[in-house]
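Student: here is a sequence together with a model predicted from it:
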Amino acid sequence: MVVRHSKPFIIGKVRRWFRKISLTTVYRNSKNMLKPSFRELDQCFPLKGDSGFVHIRSRTTILPEAITLEHVDKHEQAVAYDRSSAPKNYQVYGWHRGYNADIAIETRKIFLLAEFSYNLEKSNAQTFNVLDSVGFGLVDKVRLDFTSNHGNPSHTCIYRLQVHGHEPTSVSMLATQS
């Protein structure tokens, strides 16, 4: 579930409606980036500008293994005549919110999961392995920070973001994170 993001790119009358809501409100089309994409032009999540972020909470705690980012295929010219809105440079962070009963505070340790560049000349779905330095870092929240796109100054489109991993096999692994 998308829980926070940078300013969405909105065209038309919706813009006036969106100004009235809180900055912590999640734009309704943000869920598009978490669903399978059928390369339909209106199925991306557009964010304003060439840099921004998306903060996602997973359904369960996982051991992350890889990150996949999708944009429109370069051979789908009928769908996207201009692919410059594809994100380019990224960092993906993950963390798990826990509770330390000994000191009665909420804890979290943030991990850099991956740092990569999306290449328009490669496949539309590009997968990047999580950094080895993460080790056994359990996460239930992920933040995608993109610092550039492929040249579009007005917006950046994310068609799909996936975090691959598996659930921990024992309760003791969860205890080591606290």
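Tutor: That came in fine, so what should we check first? Keep in mind the model is a prediction, meaning the values are calculated, not measured.

Student: now do the contacts for His75.
Tutor: His75 makes contact with no residue, according to CB atoms under 8 Å, 6 or more residues apart in numbering. Where C-beta positions appear, they are placed from N, C-alpha and C, glycine not excepted.

Student: measure it to Lys48 for me?
Tutor: 28 Å (CB to CB, to the nearest Å).

Student: one more: Arg59?
Tutor: 28 Å.

Student: between these two, who's got more neighbours?
Tutor: Set side by side, Arg59 and Lys48 show more neighbours around Lys48, with 14 against 8, by other CB atoms under 10 Å.

Student: distance check, the closest residue to Lys7 other than its chain neighbours against Ile158.
Tutor: Distance criterion CB to CB, 6 or more residues apart in numbering; nearest residue to Lys7, sequence neighbours excluded, is Lys48 at 4.4 Å. From Lys48 across to Ile158, the span is 13 Å (CB to CB).

Student: same check on Val92?
Tutor: 12 Å.

Student: going by neighbour count, list what's buried in the helix or strand where Pro46 lies.
Tutor: Per DSSP states H and E: Pro46 is located in strand 45-48. Neighbour-count burial for strand 45-48, counted by 16 or more other CB atoms under 10 Å, picks out 45-47.

Student: okay, the residues you listed in TSV with distance to Glu65 and pLDDT next?
Tutor: Listed next are the buried residues of strand 45-48 as TSV, based on distance: CB to CB, whole Å; pLDDT from 0 to 100:
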residue	distance to Glu65	pLDDT
Phe45	23	86
Pro46	28	89
Leu47	26	93
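
Student: quick one: low-confidence ranges for this protein?
Tutor: When residues are selected by pLDDT under 70, those of the chain lie in 12-42, 76-81, 98-107, 133-136, 170-178.

Student: before we move on, the earlier item: can you put the buried residues of strand 45-48 in JSON lines and add distance to Phe53?
Tutor: What follows is those, written out as JSON lines (distance: CB to CB, whole Å):
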{"residue": "Phe45", "distance to Phe53": "12"}
{"residue": "Pro46", "distance to Phe53": "14"}
{"residue": "Leu47", "distance to Phe53": "8"}
